[in-house]
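[1] Give me the fold of what follows.
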Amino acid sequence: MGKFWKRVAQGILWVIGWQPEGGKPVDSRFVLIAAPHTSNWDLPMLLVFAAYYEVRISWMGKHTLFRGPMGWAMRLLGGVPVRRDRRNNLVDQMAELFAERERLALVVPAEGTRSYAAHWKSGFYRIAEAAGVPIVTGFLDYGRKRGGFGPALHPSGDLKRDMDEIRDFYSDKEGRYPDLFGPIQLKEES
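    Okay, here's the model as predicted:
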């Protein structure tokens, strides 16, 4: 990401009335939680904020997004195709990706969908644990028209305590469609 794209992002944010909040993550490799994730607009907004902060992000997306003529564009925008319809060890694959790269900001939508979900998927946590990298909380708060990055959390192995910190961070964030943002709870916590 260069200064040109940062200026473009500043212009877009000014036009749409949004403000950045928080600083740029200090780590060069991390898992980035993307929440709340309730709209198709979340990805373009995430890309604008990533350009503003000069963070080159990679994001996992359904393999079907990478078909046809738009496939190359999705990869150019940092997309990493994943197949959710097959049983394969996504955590190990993503940990290997971290091992191969000196810089990697891997965006994981913890909800796993734009629709309401009764619980978050634990992949973001398991990937960070396996790769030995921190989790950074990223957000789009449509209620306040703010977006950016929160603090980094190094998985401690105490899932409940770590999730309590994450819940606390997201407690005042509002998605584009607030009723589609489900509880911040992992199945494993039940």
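
[2] Test my guess that residue 58 contacts residue 78.
    Yes. Proximity of residue 58 to residue 78 meets the contact threshold set by Cβ atoms under 8 Å, at 4.5 Å. C-beta here means a position set from N, CA and C on the backbone, and glycine is covered the same way.

[3] Give the residues shared as contacts by these two.
    Counting by Cβ atoms under 8 Å, 6 or more residues apart in numbering, the residues touching both residue 58 and residue 78 are residue 107.

[4] Strands of the chain, residue ranges please.
    Taking DSSP state E to define them, one finds strands in the chain at 19-21, 29-35, 57-62, 79-82, 104-108, 135-141, 146-153.

[5] Need the mean per-residue confidence for the fourth one.
    Model confidence over strand 79-82, given as mean pLDDT, is 82.

[6] neighbours around the residue nearest to residue 99 when sequence neighbours are not counted, how many?
    When the adjacent residues along the chain are set aside, residue 99 lies closest to residue 131, with 7.2 Å between them (Cβ to Cβ, 6 or more residues apart in numbering). For residue 131, the neighbour count with other Cβ atoms under 10 Å is 22.

[7] Contacts only, for residue 131.
    Shown in contact with residue 131 (Cβ under 8 Å, 6+ apart): 29, 31, 94-95, 98-99.

[8] Could you do residue 38 as well?
    114, 175-178, 180-181.

[9] any idea how far residue 98 is from it?
    The gap separating residue 38 from residue 98 is 28 Å, by Cβ to Cβ, to the nearest Å.

[10] now the strands of the chain in CSV, with mean neighbour count?
    Output for the strands of the chain, formatted as CSV (neighbours: other Cβ atoms under 10 Å):
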stretch, mean neighbour count
strand 19-21, 15
strand 29-35, 25
strand 57-62, 19
strand 79-82, 19
strand 104-108, 24
strand 135-141, 23
strand 146-153, 20
